[in-house]
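Q: output the structure for:
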Amino acid sequence: MKRWHIAKDWVLVWGFAFILAGLILYIGYLSSGAEISLEKPQKLTNEAARAVSVSPAIKTDNNGANGVSVTESEQMMTNSLNQDPELQEEIKLVLGEKNSVNESIGIKDFPSPVNGKPIRNVGNYYSEAFGNYVYHAGLDYALSEGTMIRATHGGTVIEAGPDPIQGQKVTLDCGEGWLITYGGLDNLRVQEGEFIETQGALGQVGLFPGSEGESDQPQLHYELWHNGQVQRLVP
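A: Predicted structure coming up:
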C-alpha cells in the first residue's frame, strides 16, 4: 500500500507538469498570433503608401515611362476638357478657383446705366445759372420721372441722401479706387453702409426743377471716378 501511495504522488506531479507546459505553449501561441495580426495592417499600409507614390507617375507620365501609358479614353477626356471653356469655368466655380483669383476692375466693368445717349457728357459747358463755364463730371440722361435706377456694379453705399444740386444721390465704393455716383434720384432704396449687388435697386428718377440750373427735364446724373480722377465713359 505504501508503494502505491508513492506512485500516485508521482502521477499527480507529472500530470500537473503536463498541464503547466500546455498552458505555457497556449499562451505562447496566442502571443505569436497577436504579433502576426499586428504586422498585417502595417504591411498593407506600406503597400498603400507605395501605391500612392506610384499613382502620380501613372497619371502624369504621358510618354509611357516605366512601362505605363495613358489610355486613349483618358486622352479623349483631356482633349474635351481643354476644348470646352464653359466646362472649365464650371469646374473652376466648383473648386472655388474663380474666387481665389483677384481680377482687376476696369472701366469695361461699368456699363451705361440706361439705354440711350446722354444729354450732357463729361467736360466744360456754359451754365446760364452761374453765367460762366463749369466743369461737368458725369453724364446726364433724360428719363421719365419714376424710372427705377439700378447699380451698374456692386459696391458699398458710402453716401445716400439729399444734394443741393443733384436732388438725392447715392455713391457706391466698388473697391480698387472705383466710385460711382447716381444723382437726380428720389425714393432711395438704400442706406449708408449697405452693400448693393450689381443690378440692385437704388432709387427712382425724381423731378427737380432747375436741376443743375439748366433743365426741368427729369434726368439721371451718373459719375464714375477712379483714384480721384473722373472717367469719361463711352455711351
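Q: and the next helix or strand past the helix or strand of the chain at the bottom of the mean pLDDT ranking?
A: Within the chain, confidence by mean pLDDT, DSSP states H and E is lowest for helix 97-100 among all helices and strands, at a mean of 43. Sequence-wise, the next helix or strand downstream of helix 97-100 (DSSP states H and E) is strand 123-127.
Q: quick one: mean pLDDT over that following strand.
A: What strand 123-127 shows for mean pLDDT is 77.
Q: with just CA atoms, put it into CSV.
A: What follows is strand 123-127, C-alpha atoms only, in CSV (Å, rounded to 0.1, in the frame of the first residue of the first chain):
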residue,chain,number,x,y,z
GLY,A,123,-16.4,118.2,-69.8
ASN,A,124,-16.9,122.0,-69.6
TYR,A,125,-20.1,123.7,-70.6
TYR,A,126,-21.6,127.2,-70.2
SER,A,127,-24.1,127.4,-67.3
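Q: and the contacts of stretch 110-118?
A: Stretch 110-118 has contacts (C-beta atoms under 8 Å, 6 or more residues apart in numbering) with 139-143, 147, 149-150, 152-153, 174, 178, 180, 182, 220, 222, 224, 231, 233, 235. C-beta: built from backbone N, CA, C; applies to glycine.
Q: domains of this structure?
A: 2-70, 107-230 (automatic domain parsing).
Q: buried ones in stretch 184-203?
A: G184, L185, D186, L188, R189, V190, I196, G200, L202, G203 (16 or more other C-beta atoms under 10 Å).
Q: pick the one among the residues you listed closest to F130.
A: Distance to F130 across the buried residues of stretch 184-203 (C-beta to C-beta) is lowest for G184, with 18.3 Å.
Q: quick one: the closest one and Y222 touch, right?
A: No: counting by C-beta atoms under 8 Å, G184 does not reach Y222; the two are 9.0 Å apart.
Q: show me the strands in the protein, by range?
A: Applying DSSP state E to the chain gives strands spanning 123-127, 132-136, 139-142, 148-150, 155-163, 167-175, 178-186, 195-196, 201-205, 219-226, 229-230.
Q: from the contact counts, what lies against the first one?
A: In terms of contacts (3 or more C-beta pairs under 8 Å, 6 or more residues apart in numbering; DSSP states H and E), strand 123-127 is packed against strand 132-136.
Q: quick one: low-confidence ranges for this protein?
A: 1-8, 31-103, 129, 208-215, 234-235 (pLDDT under 70).
Q: the closest residue to G228 other than its chain neighbours: neighbour count?
A: Once flanking residues are discounted, G228 sits nearest to G177: 7.8 Å by C-beta to C-beta, 6 or more residues apart in numbering. Using other C-beta atoms under 10 Å, the number of residues around G177 comes to 12.
Q: over to H136?
A: Here the count is done by other C-beta under 10 Å, and H136 has 19 residues near it.
Q: give the buried residues for stretch 152-165.
A: Neighbour count says stretch 152-165 has T152, H153, G155, V157, A160, D163 buried, by 16+ other C-beta under 10 Å.
Q: between the residues you listed, which is closest to G131?
A: Of all these, G131 sits closest to D163, with 21.7 Å by C-beta to C-beta.
Q: would you check that H153 makes contact with I107?
A: No: the criterion here is C-beta under 8 Å, and H153 misses it with I107 at 10.6 Å.
Q: where's Y135 relative to L30, distance?
A: 96 Å (C-beta to C-beta, to the nearest Å).
Q: I'd like the strands of the chain as CSV, with distance to Y26 appended.
A: As requested, the strands of the chain are exported to CSV (distance: least, C-beta to C-beta, whole Å):
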stretch, distance to Y26
strand 123-127, 103
strand 132-136, 102
strand 139-142, 96
strand 148-150, 85
strand 155-163, 78
strand 167-175, 77
strand 178-186, 83
strand 195-196, 75
strand 201-205, 84
strand 219-226, 86
strand 229-230, 92
